[in-house]
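S.K.: pasting a predicted model and its sequence here:
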Amino acid sequence: MKTSIINNAASASPVKPMVNMGQGFFGYNPPEFLLDAAKNALNRVDANQYSPSKGRMSLRKAIAQHYSGPLERPLNPETEVTISTGANEGILSAFMAFVEDGDEVIVFEPFFDQYISNIEMAGGKVRYVPLIPPPNGNKETSCAGDWLINMDALMQAFSPNTRMLVLNSPHNPIGKVFTEQELGAIAELCVQHNTIIIADDVYDSLTYVSSKRMATISPAIWDLTLTVGSVGKTFYATGWRVGFLIGPSHLIQYVSAAHMRICYSSPSPLQEACAAGYIIAAQNGFWEKSKKSLIGKIERFCTVFDELGLPYSSPQGGYFVLANFSKVQIPDGYEFPAKVACRPRDFKMAWFLIMELGVAAIPPSEFYLEENWHVADDYLRFAVCKEDQILEDAKERLRGLKKYIKS
Ligand SMILES: Cc1ncc(COP(=O)(O)O)c(C=O)c1O
């Protein structure tokens, strides 16, 4: 993967230790109640053995309970919820379940890179639909919601071979939460073309604007939609690899069957811990605290861009911030190794930040096809799910950009 160049740069940088704002892993532990639940589960004989492929009933029940509100219907934990080994494996299971050789899957660009290989592994062909950046994004701070769907491209992307569509909201890397109107427009086309929707909602617990779920748009859309979640994102435990899909039983049964072939079942003690986690979180205000904490981190971190006069795209959800570096001038003649020199500007900027300031960020061209690398190459993606001190360290280092900023 291309980001490995960035990771290698981080170890080669003269500035140590690196302040890593790149990958979206948490810089702090899951809540104490989740860790305690995991320790308790490890002491249980049954919780150390195989789980059913569909997942442990305790977790399926907890998820059914938690999501019946947002999905506006009672959920049957037996038939409408299935557990996966992280959201990524759940999404792969869905592609394996429904995509046949030559089928097409519509994906919005920029995209979470794992979708692509997962679709291609199932024999599918990806049809890309651009999200258009805000036109003044390099001049002024904008809202992540200002990235808009190219509706003409979306309409043209559908063909008789369209089998599935993937929609990620809140979106990685943009932080956009799709509006009800946007969901409605996508939904209409999917119903017309009988297209199964993967609503990748892995950042749903960190949604900062009012929003609606794709699965609730209409009864016809419920019948076509698989809502995907990640307990790793929700409880700051990305390494636990617990995810899930919710949807009508006629879709969920095939996802469970594919998941059974791929990995049989998911880790039992962590499923038990997550089940307890949902129940406790409903009682101790964790959901509100979690949102407040991440909003606080976004605000804390973005002050440095306000100070520097660098515009950014203010997220409506999740924990990524896209900052616009068009005003930052890399000195003429700055030497890049050949593997970086051939990359777009964002990649060079990421390299420059690592080498000169010791701050790692992700170049968004990683989320684009090569022919579209230029679309967002003024931006860099920063993950703010880090300790406040790390955010302060990153800010202090980023202040070193002042001398490179054109007025
Ligand atoms: C948009 C999106 N979907 C899915 C995933 C995968 O989640 P998990 O870690 O639960 O597999 C990620 C992780 O970064 C993501 O950003």
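M.R.: Looks like it arrived, so ask away. Everything numeric in this text was worked out from a predicted model, so none of it was measured.

S.K.: tell me what Arg127 is bridged to.
M.R.: Here Arg127 sits in beta bridges with Ile106, going by DSSP bridges.

S.K.: settle this for me: it is touching Leu154, isn't it.
M.R.: No. Counting by C-beta atoms under 8 Å, Arg127 stays clear of Leu154, with 9.6 Å between them. Backbone N, C-alpha and C define where each C-beta goes, glycine included.

S.K.: list phi and psi for Ile132.
M.R.: phi -90, psi 130 (degrees, to the nearest 10).

S.K.: relative to its centre, which residue of this protein is most distant?
M.R.: For the chain, the C-alpha farthest from the mean C-alpha position belongs to Gly333; by C-alpha atoms, centre = their mean, that distance is 36.1 Å.

S.K.: who's in contact with the residue of the stretch 101-250 of the chain found nearest the ligand?
M.R.: The minimum distance from the stretch 101-250 of the chain to the ligand, using C-beta to the nearest ligand atom, falls at Ser230 (3.1 Å). Taking C-beta atoms under 8 Å, 6 or more residues apart in numbering as the contact definition, Ser230 lies against 86-87, 202, 238, 242-243.

S.K.: go again using 6 Å as the cut-off
M.R.: In this structure, Ser230 makes contact with 87, 202, 243, judged by C-beta atoms under 6 Å, 6 or more residues apart in numbering.

S.K.: the first one looks like it's in a helix, true?
M.R.: Okay, so that is Ala87. Yes. Residue assignment for Ala87, taken from DSSP: H, G, I helix; E, B strand; the rest coil, places it within a helix.

S.K.: tell me how many other residues surround it.
M.R.: With neighbours defined by other C-beta atoms under 10 Å, the count for Ala87 comes to 26.

S.K.: quick one: it and Val228 touch, right?
M.R.: Yes. Under the contact definition of C-beta atoms under 6 Å, Ala87 touches Val228, with a separation of 5.1 Å.

S.K.: helices of the stretch 251-400 of the chain, start to end?
M.R.: Assigned helices in the stretch 251-400 of the chain, in chain order: 268-284, 286-308, 338-341, 345-352, 388-398 (criterion: DSSP state H, counting those that start in this stretch).

S.K.: and the ones you listed, which is most packed in?
M.R.: Neighbour counts averaged per stretch over these are highest for helix 345-352, at a mean of 23; criterion: mean count of other C-beta atoms under 10 Å.

S.K.: gap between that helix and the chain center?
M.R.: 22 Å (C-alpha atoms, centre = their mean, to the nearest Å).

S.K.: what sits up against that helix?
M.R.: Defining contact as C-beta under 6 Å, 6+ apart, one finds that helix 345-352 is touched by 6, 9, 325, 330, 336, 340, 361, 363-365, 377, 380.

S.K.: out of the contacts of Ser230, which are close to the ligand?
M.R.: With respect to the ligand, and counting by C-beta under 6 Å from any ligand atom, the subset of these in contact is 87, 202, 243.

S.K.: show me where this protein has its strands.
M.R.: Counting by DSSP state E, the chain has these strands, from start to end: 19-20, 81-84, 104-109, 125-132, 142-143, 148-149, 162-168, 196-200, 225-230, 243-246, 312-314, 320-324, 359-360, 379-383.

S.K.: what mean pLDDT does the second one get?
M.R.: The predicted model assigns strand 81-84 a mean pLDDT of 98.

S.K.: is the ligand within reach of that strand?
M.R.: No. Figure legend: strand 81-84 not in contact with the ligand (C-beta under 6 Å from any ligand atom); closest approach 8.1 Å.

S.K.: sheet-wise, list the partners of that strand with their directions.
M.R.: Based on DSSP bridges, the pairing partners of strand 81-84 within the sheet are strand 243-246 (antiparallel).

S.K.: could you measure from the residue positioned nearest the centre of the chain over to Tyr208?
M.R.: Closest residue to the average C-alpha location of the chain: Asn172 at 4.2 Å, with C-alpha atoms, centre = their mean. Separation of Asn172 from Tyr208 (C-beta to C-beta, to the nearest Å) stands at 15 Å.

S.K.: list the contacts for Leu59?
M.R.: Applying C-beta under 6 Å, 6+ apart, we find Leu59 in contact with 83, 271, 274-275.

S.K.: and what of Asp223?
M.R.: Asp223 makes contacts with Pro248, as judged by C-beta under 6 Å, 6+ apart.

S.K.: check Glu120 too.
M.R.: Contacts of Glu120 (C-beta under 6 Å, 6+ apart): none.

S.K.: same check on Ala275?
M.R.: So, once contact is read as C-beta under 6 Å, 6+ apart, Ala275 ends up touching 58-59, 62.

S.K.: any chance of these in JSON lines, with pLDDT and distance to the ligand too?
M.R.: Supplementary listing: these in JSON lines, determined by pLDDT from 0 to 100; distance: C-beta to the nearest ligand atom, whole Å:
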{"residue": "Ser58", "pLDDT": "98", "distance to the ligand": "19"}
{"residue": "Leu59", "pLDDT": "98", "distance to the ligand": "14"}
{"residue": "Ala62", "pLDDT": "98", "distance to the ligand": "17"}
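
S.K.: just the endpoints, please. Distance across stretch 122-136?
M.R.: Separation of the first and last residues of stretch 122-136 by C-alpha to C-alpha, to the nearest Å is 39 Å.

S.K.: what are the contacting residues of it?
M.R.: Everything outside stretch 122-136 that qualifies as a contact, by C-beta under 6 Å, 6+ apart, is 95-96, 99, 101, 103-109, 116, 119, 142, 146-148, 150, 153-154, 157.

S.K.: spit out the contact partners of Arg357.
M.R.: Not quite, residue 357 is Leu, not Arg. Under the criterion of C-beta under 6 Å, 6+ apart, the contact partners of Leu357 comprise 397, 400.

S.K.: quick one on the thing from earlier: just the strands of the chain: most buried one?
M.R.: Mean neighbour count (mean count of other C-beta under 10 Å) peaks for strand 81-84 among the strands of the chain, with a mean of 30.

S.K.: hmm, who's touching it?
M.R.: Under the contact criterion C-beta under 6 Å, 6+ apart, strand 81-84 has outside partners 54-55, 59-60, 63-64, 90, 243-246, 252, 255-256, 259, 266.

S.K.: now, the most widely separated pair of those residues?
M.R.: Of all pairs drawn from the contacts of strand 81-84, the greatest distance, 17.5 Å, lies between Ala64 and His259 (C-beta to C-beta).
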